[in-house]
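A.B. asks: Sequence and predicted structure below; questions after.
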Amino acid sequence: MLGWTVTELARRAAVSWRTIQRAEAAGAEVPRMHIATLEKIRAALESGGIEFLQASQRSNGGGPGIRRRP
């Protein structure tokens, strides 16, 4: 969606690239890592224009998820 590599996201989130790989490997499950680490990753994605949808919001596909901010 953003076209970032694992290395780029890791740099922007100030975490290791292995941390990003662990988060990706979790799939649909919540990754088992410190909340502060997840918050760093989320903040980096939001700074790139990603919007995380709340449970009450729906994506274009009808479910919860993420989308690019307009």
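C.D. replies: Here it is on my side, so go on.
A.B. asks: what about stretch 24-40, average pLDDT?
C.D. replies: What stretch 24-40 shows for mean pLDDT is 85.
A.B. asks: buried ones in it?
C.D. replies: Pro31, Thr37, Leu38, Lys40 (16 or more other Cβ atoms under 10 Å). Placement of C-beta: from N, CA and C, glycine included.
A.B. asks: Identify the residues contacting it?
C.D. replies: Stretch 24-40 has contacts (Cβ atoms under 8 Å, 6 or more residues apart in numbering) with Val6, Ala13, Ala14, Val15, Thr19, Arg22, Ala23.
A.B. asks: Which of the helices or strands spans the residue nearest to the third one when sequence neighbours are not counted?
C.D. replies: What sits nearest to Ala14 in space, not counting adjacent residues and going by Cβ to Cβ, 6 or more residues apart in numbering, is Lys40, at 5.9 Å. When elements are defined using DSSP states H and E, Lys40 is found to belong to helix 35-47.
A.B. asks: what pairs with the next helix-or-strand element following that helix, and is each one parallel or antiparallel?
C.D. replies: Using DSSP H and E, the helix or strand that follows helix 35-47 in sequence is strand 50-52. Partner strands for strand 50-52, per DSSP bridges, with pairing direction: strand 66-68 (antiparallel).
A.B. asks: hmm, back to that, pull out the buried residues from the contacts of stretch 24-40.
C.D. replies: Ala13, Val15, Thr19, Ala23.
A.B. asks: and which of those is nearest to Glu51?
C.D. replies: Nearest to Glu51 among the buried ones among the contacts of stretch 24-40, counting by Cβ to Cβ, is Ala13 at 16.9 Å.
A.B. asks: From Gly48, how far out is that closest one?
C.D. replies: In this view, Ala13 and Gly48 are 10 Å apart by Cβ to Cβ, to the nearest Å.
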